[in-house]
Every structure is written in structure tokens, then in C-alpha cells.
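In: just need the structure, nothing else, for what follows:
(chains A and B, ligands or ions: 1)
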Amino acid sequence: MSNAKRNQKNLSWSRLDNAAKIFPPTSHGSATGVFRLSCELTEPVAPDVLQAALTRTLERYPHLLMVMRRGVFWYYLEQTTTRPSVVPEHAPPCAALYEGSRSLLFRVSYWRHKVSLDMYHVLADGAGAIEFFESLMTAYLSLRHPEVGVDGITQASVSQRWADSFQKYYKPHGGGKTTEGLGRAYRLRGVRRADGGLTVIEGVADVRQVLAAAHRCGTTLTVYMTALLLSAIHSEMYVREQKKPVVLTVPVDLRSFFPSRTTRNFFGTIRVGYDFSRRSGEIEDIVACVAASFKEELTPERLGARMNQLAALEHNPVLRVIPLALKNPVLRLSGAVSDRGETAALSNVGKFRLPEALHPFVRGFGVFMSTGATQLCTCSFGNSLHFGFTSAFENTEVQRRFFELLTNEGIEIEIRSNEYHEEEGAACSDATAAE
Amino acid sequence: MQRCYSCRVTVAGHKTCCPLCGGQLSGTPEPDTEVFPALEKPRFTTGFVLRLLALIAIAVSVICVLANIATGWHALWSLFVVAGAVCVWVAAAIGVAYRRDMAQNIGWQVVLIPVLSFLWDWWTGWRGWSVDFVLPCVCIVGILAMLLIAVLCKTPLRRFAGPLIGACFLGLVPLILIACGRVRVLLPSLLCAGLAILSLAALVLFQWQTIKAELLRRFHL
Ligand SMILES: [Zn+2]
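Out: Coordinates of the predicted model:
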């Protein structure tokens, strides 16, 4: 769709891909549609070097320099001449980035030892942003430490990275069977934060300890973490609420099923449910149930069928000709309906990779996704496994229970949080109980 | 490192309470290991400004309605104040919402103000001032303001082409109204239509490529 010419008068533009179309109408409150990747280094960040690295990296990712504009029927992305500058971290994690047709859709910020990339989901998905972030950090570290002699260049061409893979793999009549919705799911309760932001809690563990615990259950890391999250949510449910199933939405990177080098959105979601009223709720049983639904859902046929189903909505001739101002409420409603079938979300974005020589300078990577409920994002780098919990609620019961299940297995956890109890000497909740 | 004994976790940075259970922490805080900066809360958000304006509008309305009741019901003048307050608030809300993009801001005001004045005119016993004067004058001012701002800020045409073309087309409406015999004072409408046609002609003759590209983008299905 984008024309190759890049003169000043006719900047290239492109449609929003299929998955991106849902984000602009549903971005509000704490669900900003922005996710954050962060990288902790062993030494403080040098802003000017980071700026140089960003400028250099963007030469290979020119398609990220986009702004979003309103068309009559759809939003679209348009190339911009605005260039980003790295800024000290001044906004909360996953704060909204789209503030009108001039704002860039990603932001690189730094604070002390940490570099963060906030990305609007319209522009890229997790895997795409990770590729960019890895390039950025490689460029930064190799500029900062020229003595190690690393020059990381990825092979994909710009047009490969900006391909719309949803269009490529769309079959108009490739419907196929998808699973029926799991019905209404249990919804987390709680008081939403007064500032409309996110409660961010990050846990860091040793990946070997967690893997050992997963292997004791005879399963993989992702299945194990999904089961733990289901169990953690269960522990804060009232008995009368247990007739509704707990359903987790799990995004799946479609690149591992359909070859693609794009950095744009190319993901699908599957839903994993567990009905605590009908089954035992033992962790072994949850693991077995989760493993079974992963095995069933994670096939190219299933994912392809779901992808076609979503794409069919976009190709729907009626929906297409509705003006944007009317379309937004329709899409917002469909988003809200789909939210009712979901309790929380869990996303395992996998391993971050950097050239071996740069490993000594990096402590770890973290991932956070904005949400209207609660979401857990996990990722690993080397031996450190990061659990990034984001939540629109003030209470941290699910998070506490989740980490408790891990520490029960003898896993050591380090907790970080964006919460500051401002009044020094303010009483903690168990001030009288302690001592 | 700080530690929470009930959660059995270590806690980075310097926290007063455990982020998980809200309990007390033991051990020495290490502020250097903090990962998230403590942020200052923004003072004036868009939502706050709009709520403040709404409160002022409501206050003015309430005072006038109460005064109207206190001085007797003979004339319901307070209804005009309430409707006026609503109109001012809507216009201000659009102004705040599009504060970053002047061309779009003007574009929406050019649509909104004639619509609101049309409703007023109709409600107050149709004297025709909304189509005779407000519509053409607002279009003229809008088109000229967009062009002026674009020249002053050296904005490239593609940035404001959409609202400008929209305003020009709206500027043709008085011509249709004249043809339908709805306009009694011709001069403002004729000036407005003339300016709109002239602007459109200039755009098509000199900037056709830009206009075409912009229309393709804006109207893609
Ligand atoms: Zn605790």
C-alpha cells in the first residue's frame, strides 16, 4: 500500500493492519494500547550516545517514523518528518502516546540504568518492537563500548519489515472452525486507580529455578505460568463467583506459524479457560487443562481460521463504508463485548537476544502492556526471568498470590514497583500485626 | 535490600510498605536500585479543564435559573442563558480537544458555529440571520484564518488540506441557499461563495497532486 517515493510533498502512507484497527477506538483510560519494553544496564545511561544509537537504528526502521491521522472511514498512518529525541522518563509506563496527528507513536526514554521503549500497538506488535529494541540496544552498547567490536545488522529489508502479513495470509473463504467463545468469564473486582493509571509490579526470578519448578509439574514454562496465574486469580474469587470460568487471553506470535519478517502487528490471540466449579483446582489439573487447550489451539489451522475470521470483519463491505466517527463506537462496543469473555491476559514474549559480547553490560529486559484489567507479561534474558504485572486496579491481591505460589516452590523473587507511599512514616496495613 | 517476611520476597529501591501485601519491610533500603522514577502528577489535564469549564457553565446556568424563579416566571429569559452556556461549552470543548491542530480546530468550529446559530435562529422564531450572516461570515473567516496561519507557520499544504477543502465546500452552501431563495441579504453569501470557489480553483490548479494524494488517503476504504 505504501508508495516507495519519499519526497517531501507526497509522504508515503499506509492503512492500519487488521489487528491495529481495534486499538484507536478502544484506547482510553488505563488501556492506552501502549506497551513498554525496558532494558536495565549495569551502568547509567548516556543520553547523547542513546540519541546517536536511536538515529542510527531508525535509518534501518524508517517505517516507524509515522503519525496516525483520521481519514473519513479509517485511521491511517502517514510518514512524518518529525524525528524523535530520547527523553528522561517523565511519563508512567505505557502512558498514552497518541495525542493528535503530530505525535510519534513510540518514545524512547531513559532513567538511571534503564532504557525504555514505549510503543503504540498500532505501529508494531511485541515481536516487531523487540526486534527494533534489540537493534537499538545493540547499537547503543556497541557505540558505548566500541572496544568489544560488535556491529549488529539485521538482514530483513525495509519492505519486508513493513509488509502487512495479515493481508498476505488472508483467504476470503478460509473460514474453518474456530472455538466458540467460552461465554462470560469471571471479571476481576477492585477499585480502579484514582489517577486512571496502572499499578506496575515487576518480579525478577532466576529462569532456572522457575524452569525446574515447571519440570516438576512435567510441563513447559508458558503452561506453568498460565496455570499459576489461573490459580492466583482463583484464590481471590468468592465461592458464589466460581460458576463463571476464569479465562485468560494469550497473544500468539503468528510469525512462528506463518513465515514473516514484518515488524507490524502479526499476532493472534487464544483463550485459555478453567472452570473452578467443575474441576478440582489442583495445580496439576490446571496444568493438564492448560496444556490440552494450548495443544488444541496452537495449530496453524486454528490460528489461520481465527485470523480469517477477524480479517473478514475488516473486509465487511458494510462496516467499511461507515464513517469513522460512527465506526468508533461500533468497534468500541465490540471490544467491550470481547472483554467480557476475558478475566486477565498473559503474554509470554520469550527471549531477548543480544550479541554475546554485550551480555556483561545488561542486567535484564522487562515488558509491560497497558490494560483495562490485569495483565502479566513475561520475558527472559540470560538467566533472569521478568514478570511484568500491570493492573488498572489498586489492589494487588492477584499479584501477591501469584508470587506466593512461586515462592512456595522455593523460587527467590525480587519485587519492583512504581508505587510510592508518599507520606514518610505512613502506617502500613499490618503495622499493628507486625512486631 | 529490603525484605517482606510475609511475602518472602526482596523489594528493590526504597519503599515504605511492601508493594504486594502492604505490610512492613525489614532490611536497609537501597534507593539506588529503584527501577521506576517517582513522577510528578500533571496539574492540568484536558479532562480537568473541560470539567472546570462545565462547572462554570453549570454555575452560570443555575444562578440565572434561580434568579429567574425568584423574580417571577413572566419571562423565561434564563433558558436562553442555559442554552448559551451549553453552546459556549461545546465550542470550548472542541477548542481544547483540537488545541494541537489549529487547522482542524478551525475546521470544526466552521461547522459547529453555523449549526448552533441555525438552531438558535430557528428556536427564536426564524429571522434568517443565521444563514444571511453567520454561515457566510464564519466560512470567510475560517478559510482566511487557515490560510493566514499556514502562511505564518509555513505549514505544508497536506497538513491542513483536509479542513481547508471541507471549509471551502461548506462555503459553497450559501450559493445553494441563494438558488433555493432562502437568503435575503445576498452580499455576505456571494463573497463567501466567491472566496470558496477561488480557493478551490487555486488548489486544483496549483496543488492537484497534493490534493489528490490527500483525498486518496482520507477516503481510503
Ligand atoms: Zn509483602
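In: excluding sequence neighbours, find me the nearest residue to the most centrally placed residue in chain A.
Out: Central residue of chain A (Cα atoms, centre = their mean): A:Met369, 4.3 Å from the mean position. Nearest non-adjacent residue to A:Met369, counting by Cβ to Cβ, 6 or more residues apart in numbering or on different chains: A:Phe35, 4.3 Å away. C-beta coordinates here come from the backbone N, C-alpha and C atoms, glycine included.
In: look up how far B:Lys212 lies from the one you found.
Out: A:Phe35 sits 36 Å away from B:Lys212, taking Cβ to Cβ, to the nearest Å as the criterion.
In: what's the domain layout of the chain?
Out: This is for chain A. Chain A resolves into domains spanning A:11-164, A:199-349+A:370-419 when parsed by automatic domain parsing.
In: let's do chain B instead
Out: Using automatic domain parsing, chain B is parsed into the domains B:1-36, B:45-97, B:117-215.
In: excluding residues flanking it in the chain, which one is nearest residue 197?
Out: Went with chain A since none was named. Excluding its sequence neighbours, the residue lying closest to A:Gly197 (Cβ to Cβ, 6+ apart) is A:Pro92, at 5.0 Å.
In: my question was about chain B, not that one.
Out: Distance criterion Cβ to Cβ, 6+ apart; nearest residue to B:Ile197, sequence neighbours excluded, is B:Leu172 at 7.3 Å.
In: OK, contacts around the spatially most central residue of chain B?
Out: Using Cα atoms, centre = their mean, the residue of chain B that lies closest to the mean C-alpha position is B:Ile94, 1.4 Å off. For B:Ile94, the contacting residues are B:105, B:108-109, B:112, by Cβ atoms under 8 Å, 6 or more residues apart in numbering or on different chains.
In: at 10 Å what do you get?
Out: Neighbour list for B:Ile94: B:104-105, B:107-109, B:111-113 [criterion: Cβ atoms under 10 Å, 6 or more residues apart in numbering or on different chains].
In: and the pLDDT for A:Gln155?
Out: On pLDDT, A:Gln155 comes in at 59.
In: over to A:Gly152?
Out: pLDDT for A:Gly152: 59.
In: my guess is the residue nearest to the centre of chain A contacts A:Arg36. True?
Out: Yes: using Cβ atoms under 10 Å, A:Met369 is in contact with A:Arg36, at 7.8 Å.
In: lowest-pLDDT helix or strand in chain A?
Out: helix A:158-161 (a mean of 76; mean pLDDT, DSSP states H and E).
In: which other helices and strands contact it?
Out: Here helix A:158-161 touches helix A:126-144, going by 3 or more Cβ pairs under 10 Å, 6 or more residues apart in numbering or on different chains; DSSP states H and E.
In: give the rounded mean pLDDT of the helix it packs on.
Out: So the average pLDDT for helix A:126-144 ends up being 92.
In: buried set for that helix?
Out: Using 16 or more other Cβ atoms under 10 Å in any protein chain shown as the test for burial, helix A:126-144 gives A:126-142, A:144.
In: just stretch A:286-303 next, same as before
Out: Neighbour counts over stretch A:286-303 (16+ other Cβ under 10 Å) mark A:286-291, A:293-294, A:297, A:302-303 as buried.
In: and if you look at stretch A:368-388?
Out: A:368-381, A:384-388.
In: go on, stretch A:302-319?
Out: Using 16+ other Cβ under 10 Å as the test for burial, stretch A:302-319 gives A:302-308, A:310-312, A:314.
In: quick one: it to chain centroid distance?
Out: Relative to the centre of its chain, stretch A:302-319 is centred 22 Å away, using Cα atoms, centre = their mean, to the nearest Å.
In: same deal with stretch A:341-357?
Out: 8 Å.
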